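K.L.:
structure, please.
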Amino acid sequence: MKPFKRKLIYFCISLILIINFDVAFAQKAKVVSSYMPVNQDVTFEQIKADRMKVKAERAKEHKDLLNARYDLTKKTSPDVFMSGGKPIPVGPTAKLKGVTWADLDKLSPEQIKSKDIFPYKPLPFADHAEGGMLFPPMITDSLPRLVRFDLDFDLPEHILPDRAPPIYLTTRPDLGDVSKGRLITIDNYYEIFNGLLNPKQLEGLRLLVTQFPQQQFNATEDRRTDRPSLGVACFDCHVNGHTNGANHLVGDMRPQEFRHRIETTSLRGVSIQRLFGSQRGLKTVEDFTEFEQRAAYFDGDHVTAAKKGVNVLDRGTQVHFMAEFQAILDFPPAPKLNIYGELDKTKASPAELQGEAIFNGKGRCAECHPAPYYTDNSMHDLKAVRFYEQEMANGMMMAHDGRIKTFPLRGIKDSPPYLHDGRCFTLEDVVEFFNLVQELRLTAPEKANLVAFMRAL
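P.N.:
Predicted structure coming up:
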């Protein structure tokens, strides 16, 4: 065989091998996409079976992480209660590694980071690679349609809000709790509110308790419910216009490991707020209501929304009516506050008054949480990443939190767990977190007084 022909044959063989290798590699390589699969090539039974195979292992990994970070023993106050009568949880619950809170307070952020002893790292979702809406048993016991076959709720009930929180209306403060301990649903909203609301508000409430398709709760083969579902209602998470601690992942980040766990926020006092959505790019509750239905319900993927049954609400009527009802949801009564939202010195205890002084002074809390509603309607970057390494934790990358919204502190004792991802289970944990992040060097009595003040708001 001539040398030229031999070289040509070798070249062709090599080219074929290279092409075959590239094809095989491409088939094995993981494609990272912003989109979820639209057309499923497997059945519901196969999808469920695959999810159930990993359920126990993922649940154990997450439980181990929670137990490593927190003391989940039930500890509640014997004399301080939420507005609905549930004892508030007490802490701090975060576990320390070989140091005391006093020791930790003396260290710089760099020292805490190098020793890997920061007690309030970002909290991953129960199965971060999976995500989706997840509801606590205290709500699924009443509404079994919200049970997911593949995931169990991860936080104990004693650190969650009331099961059926009171409802206070700005239009009828004389009525006190309008719900009277009842969970407001499509079955009872009319009989409870007919005659108390105007027709637009009543229609808005009807829409807030009406189920609409959502990513995990719908009729498609990739749902996470045994039976096809009509979806979820706004008040399934924002129960009674407040919150029940249901959580999910924000829809506006990719890839999956960088998405943040997010706790359901209260709708109480929503009329005084001006920033909405996980990135706070929405300026009105109408914007947020419309955004939720069009994209957020579907993990921020509008492509799959049509398949699952997206419900596009009419802005001028339906969205407006829903917003009109939400605008009259009031904060719970705070009998120790005067007309300026400050403590009435004739009603407050010495500890509460001292806590208020710390709040406005050494604690620098009032710079972001000014009275009367204790929010500046702005966003702030706490730069908590100064205290911990960016690393994977059960499928979540513990990266920067970025700017987070200043939530109102009125009625704050009713809304555990705290922070945007719920990593602080009690008000004591909140104080310890901000004491470290702001490098305040508060003493133990100052921390206790600060908690006492916040309980009075």
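
K.L.:
hey, let's count contacts and neighbours off CA atoms from now on
P.N.:
Will do.

K.L.:
low-confidence regions, this protein specifically.
P.N.:
For the chain, residues meeting the criterion pLDDT under 70 lie at 1-30, 278-279.

K.L.:
which strand of it spans the most residues?
P.N.:
Criterion DSSP state E: the longest strand present in the chain is strand 76-81.

K.L.:
show me what it is packed up against.
P.N.:
Applying 3 or more Cα pairs under 8 Å, 6 or more residues apart in numbering; DSSP states H and E, one finds that strand 76-81 contacts strand 87-89.

K.L.:
against which helices or strands is the strand it packs on packed?
P.N.:
Helices and strands touching strand 87-89, by 3+ Cα pairs under 8 Å, 6+ apart, are strand 76-81.

K.L.:
which residues sit against stretch 91-110?
P.N.:
Identification of contacts with stretch 91-110 by Cα atoms under 8 Å, 6 or more residues apart in numbering yields 68-72, 75, 112, 117, 119-120, 386-387, 424-429, 432, 435-436, 439, 441.

K.L.:
ok, and the closest non-adjacent residue to residue 421?
P.N.:
Nearest residue to residue 421 in three dimensions, chain neighbours excluded: residue 262, at 4.5 Å (Cα to Cα, 6 or more residues apart in numbering).

K.L.:
oops, could you answer that again for residue 147 instead?
P.N.:
Excluding the flanking residues, the one nearest residue 147 by Cα to Cα, 6+ apart is residue 140, at 5.9 Å.

K.L.:
skipping adjacent residues, who's closest to the residue sitting nearest the centre point of the chain in space?
P.N.:
The centre of the chain sits closest to residue 263, judged by Cα atoms, centre = their mean, with a distance of 1.2 Å. Nearest residue to residue 263, sequence neighbours excluded (Cα to Cα, 6+ apart): residue 247, at 4.6 Å.

K.L.:
over to residue 243?
P.N.:
residue 266 (5.0 Å).

K.L.:
likewise residue 276?
P.N.:
residue 282 (4.9 Å).

K.L.:
residues near the one you found, how many?
P.N.:
Residues lying near residue 282 (other Cα atoms under 10 Å) number 16.

K.L.:
any idea how far it is from residue 178?
P.N.:
Going from residue 282 to residue 178 by Cα to Cα, to the nearest Å gives 30 Å.

K.L.:
next: residue 149.
P.N.:
Distance, residue 149 to residue 178, by Cα to Cα: 34 Å.

K.L.:
same question, residue 66
P.N.:
37 Å.

K.L.:
quick one: contacts of stretch 393-409?
P.N.:
Contacts of stretch 393-409 (Cα under 8 Å, 6+ apart): 61-62, 121-122, 124-125, 127-129, 256-259, 275, 279-280, 368-369, 373-385, 389-392, 420, 454, 457.

K.L.:
6 Å instead, please
P.N.:
Residues outside stretch 393-409 that contact it (Cα atoms under 6 Å, 6 or more residues apart in numbering) are 122, 124, 128-129, 257-258, 373-375, 378-381, 385, 390-391.

K.L.:
can you report how many residues neighbour the nearest residue to residue 285 once chain neighbours are set aside?
P.N.:
Once flanking residues are discounted, residue 285 sits nearest to residue 323: 6.2 Å by Cα to Cα, 6+ apart. By the criterion of other Cα under 10 Å, residue 323 has 24 neighbours.

K.L.:
backbone phi and psi for residue 323, please?
P.N.:
Torsion angles at residue 323 (phi, psi; degrees, to the nearest 10) stand at phi -70, psi -30.

K.L.:
how much space is there between it and residue 209?
P.N.:
Residue 323 sits 13 Å away from residue 209, going by Cα to Cα.

K.L.:
what does residue 424 give?
P.N.:
Distance, residue 424 to residue 209, using Cα to Cα: 29 Å.

K.L.:
buried sites along stretch 283-299?
P.N.:
284-299 (16 or more other Cα atoms under 10 Å).

K.L.:
what about the strands in this protein?
P.N.:
76-81, 87-89, 247-249, 261-263, 379-381, 392-393, 396-397, 403-405.

K.L.:
export the ones you listed to TSV and tack on distance to residue 358?
P.N.:
Shown next, in TSV, are those (distance: least, Cα to Cα, whole Å):
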stretch	distance to residue 358
strand 76-81	21
strand 87-89	22
strand 247-249	32
strand 261-263	28
strand 379-381	20
strand 392-393	35
strand 396-397	35
strand 403-405	22
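
K.L.:
how about these, which one is nearest residue 314?
P.N.:
When these are compared by Cα to Cα, strand 247-249 sits nearest residue 314, at 25.9 Å.

K.L.:
and the contacts of the closest one?
P.N.:
131, 132, 133, 134, 260, 261, 262, 263, 264.

K.L.:
what about the last one, how many residues nearby?
P.N.:
Think residue 264. If you count neighbours by other Cα under 10 Å, residue 264 ends up with 20.

K.L.:
what does residue 99 give?
P.N.:
Using other Cα under 10 Å, residue 99 is surrounded by 11 other residues.

K.L.:
next: residue 216.
P.N.:
So residue 216, with other Cα under 10 Å, has 24 neighbours.

K.L.:
show me the contacts for it.
P.N.:
Residue 216 neighbours (Cα under 6 Å, 6+ apart): 223, 224.

K.L.:
and it, what are its phi and psi?
P.N.:
phi -100, psi -10.

K.L.:
so how far is residue 44 from it?
P.N.:
Note on residue 216: its distance to residue 44, by Cα to Cα, is 12 Å.

K.L.:
ok, now residue 304?
P.N.:
Note on residue 304: its distance to residue 44, by Cα to Cα, is 17 Å.

K.L.:
chain neighbours aside, what residue packs nearest to residue 295?
P.N.:
Residue 295 sits nearest to residue 302 (Cα to Cα, 6+ apart), 5.4 Å away.
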